[in-house]
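Student: Got a predicted structure plus its sequence, pasted below:
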Amino acid sequence: MESLDEFQILESMIQKSEESLKRNNKKAKLIETKPLPETNHNHDNDDDDDSRQQMELLKNIISNELANHNELNDQARLIKTLCTRLHQALQNNEEIRKSEMVITQELQDMKQEMQQFTTTMMMN
């Protein structure tokens, strides 16, 4: 039951990461498609403003790419954790199945012994 809750939590975290990644990608696309202002070579102030705007745009793009990269790393870690837990759950299920088979066999053996005992007691 606990592993099911953990699975649901991980699944929820992955969905949130994917949604955040989509939002960041949309923001990055909006920034990338925004036309750069035209430069006016006659005024140094305009050139400085343009350079600052371009630098700010590059900073935003780099920041978004880093955020996307970090989110992808987080998702990869979550997926790895999820796979590890699923593998463990499968192993646990296999062990439970084997234990159930052993218990079933022991119960059948006990039933046979009881029948033999009953038969022996009735003969005496």
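Tutor: Thanks, I have the structure now.
Student: Tell me the secondary structure of E106, please.
Tutor: Secondary structure for E106, judged by DSSP: H, G, I helix; E, B strand; the rest coil, is helix.
Student: what's the answer for the one 5 residues further on, then?
Tutor: For K111, the assignment made with three-state DSSP gives helix.
Student: for it, what are its contacts?
Tutor: Listed by CB atoms under 8 Å, 6 or more residues apart in numbering, K111 has no contact partners. Just so you know, the C-beta spots here come from the backbone N, C-alpha and C atoms, and that holds for glycine as well.
Student: Report the separation between it and R97.
Tutor: Here the criterion is CB to CB, to the nearest Å. By it, K111 lies 21 Å from R97.
Student: Now do R77 against R23, distance only.
Tutor: Going from R77 to R23 by CB to CB gives 20 Å.
Student: Could you do Q91 as well?
Tutor: 38 Å.
Student: quick one: average confidence on the strand or helix carrying Q15?
Tutor: Using DSSP states H and E, Q15 sits within helix 2-33. Average pLDDT, helix 2-33: 70.
Student: Helix, strand, or coil at N73?
Tutor: Recorded secondary structure, N73: helix (three-state DSSP).
Student: Count residues in the vicinity of it, would you?
Tutor: Number of residues near N73 (other CB atoms under 10 Å) recorded here: 10.
Student: Could you check the pLDDT of it?
Tutor: Per-residue confidence (pLDDT) for N73: 91.
Student: Roughly how far does N73 sit from M123?
Tutor: To M123, N73 is 75 Å away according to CB to CB.
Student: how many neighbours does L66 have?
Tutor: Neighbours of L66 (other CB under 10 Å): 11.
Student: what does R85 give?
Tutor: A count of nearby residues for R85, using other CB under 10 Å, gives 15.
Student: now swap in T104 and tell me
Tutor: T104: 10 neighbours (other CB under 10 Å).
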